[in-house]
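Colleague: Have a look at this fold, sequence not included:
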């Protein structure tokens, strides 16, 4: 083994982001309760459960349970072909659309987990947020099935086509609905061009940050086709460092657009404006939270070395996995 492995430099893209790291004061209590109930399903292998137990989630009950559903979907579909993934996706879509329907005997356990999550969520979530969650979570699930088909066929997308799909598979839009579940904001707020733009900027910030830190693990596993860094390398003819620099520059541009866009938010009246500010702050915190999770969560990409790598910004390039035994 090379005593001096190649290193990947990860720029600190969030150094000037105005929204700092913050933890919900109820997080620890809620996390313990949700984690215990999730373990009762016995939906994961022993190794996967150990990885799950290392997770730290930045939300209270509904958010924690949604993160569990995302984790399980990834665990069940990340290496599956298009047909198997579509089958799992269809189960979860049906469970979310029919939260009071008894799941069929012998069905994959993820259907019941998703059903129970959403049955609890709709007891307290506002009706507008429920509608937006079902719509955006369904779009996310269908995109996961498309990604699986791409993976099965070895399909490589252009940067633009990749981002169109990734904006769905990143799962940010259904997560954003958590920020509004205690609100009754009118549809005109979410459909306003400025709010649409701000939402899009936040999603792309999350994509870039996530794809930077996940690239190493994905290239080693041979699953880098669904990653912005490898997509940029292929289309623009850049090396790894050049592609990461390109992504970091784009990230900086998006941050500026987001901050500039705040001044363009219109007024809907004092009471609505206060809720809009709370919602926009929520979607602005998500890129920060995702970055913190990437380095601090041992289930993510760096095992226990996240804090060290966050300081040095250097991560050793992982060797390609040996596929001969597969």
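Modeller: It's in. Predicted, not measured: the structure shown is a model, and the values here were computed from it.
Colleague: How is the nearest residue to residue 288 once chain neighbours are set aside assigned, secondary-structure-wise?
Modeller: Excluding the flanking residues, the one nearest residue 288 by C-beta to C-beta, 6 or more residues apart in numbering is residue 19, at 5.1 Å. No exception for glycine: its C-beta is placed from N, CA and C like everyone else's. Following DSSP: H, G, I helix; E, B strand; the rest coil, residue 19 is assigned to coil.
Colleague: so how many other residues sit close to residue 297?
Modeller: 17 (other C-beta atoms under 10 Å).
Colleague: What of residue 95?
Modeller: Around residue 95 there are 23 other residues, counting by other C-beta under 10 Å.
Colleague: if we can go back for a sec, residue contacts, the residue nearest to residue 288?
Modeller: 281, 284, 285, 287, 288 (C-beta atoms under 8 Å, 6 or more residues apart in numbering).
Colleague: Go again with 6 Å.
Modeller: Neighbouring residues of residue 19 by C-beta atoms under 6 Å, 6 or more residues apart in numbering: 284, 285, 288.
Colleague: Out of these, which is nearest to residue 64?
Modeller: residue 285 (15.9 Å; C-beta to C-beta).
Colleague: what are the phi and psi values for the nearest residue to the closest one once chain neighbours are set aside?
Modeller: Distances taken as C-beta to C-beta, 6+ apart place residue 19 nearest to residue 285, at 5.0 Å, with adjacent residues excluded. Here is the backbone geometry of residue 19 (degrees, to the nearest 10): phi -100, psi 110.
Colleague: With residue 8 instead?
Modeller: Taking degrees, to the nearest 10 as the convention, residue 8 sits at phi -100, psi 130.
Colleague: ok now do it, which residues does it touch?
Modeller: When contacts are counted by C-beta under 6 Å, 6+ apart, residue 8 touches 216, 315, 317.
Colleague: Now the buried members of the residues you listed.
Modeller: Buried members of the contacts of residue 8, scored by 16 or more other C-beta atoms under 10 Å, are 216, 315.
Colleague: Tell me which of the contacts of residue 8 fall in strands.
Modeller: Applying DSSP state E to the contacts of residue 8, the entries found in strands are residue 315.
Colleague: in the stretch 51-200 of the chain, what spans have low per-residue confidence?
Modeller: Judged by pLDDT under 70, the stretch 51-200 of the chain has its weakly predicted residues at 51-60.
Colleague: all helices for it, in order.
Modeller: 61-77, 82-97, 110-121, 127-153, 159-169, 172-176, 187-191, 193-221 (DSSP state H, counting those that start in this stretch).
Colleague: Of the ones you listed, flag the one that's most buried.
Modeller: Mean neighbours per residue, mean count of other C-beta atoms under 10 Å, is largest over the helices of the stretch 51-200 of the chain for helix 172-176, with a mean of 23.
Colleague: Give me the contacts around that one.
Modeller: For helix 172-176, contacts defined as C-beta under 6 Å, 6+ apart pick out 133, 136, 137, 140, 203, 206, 283.
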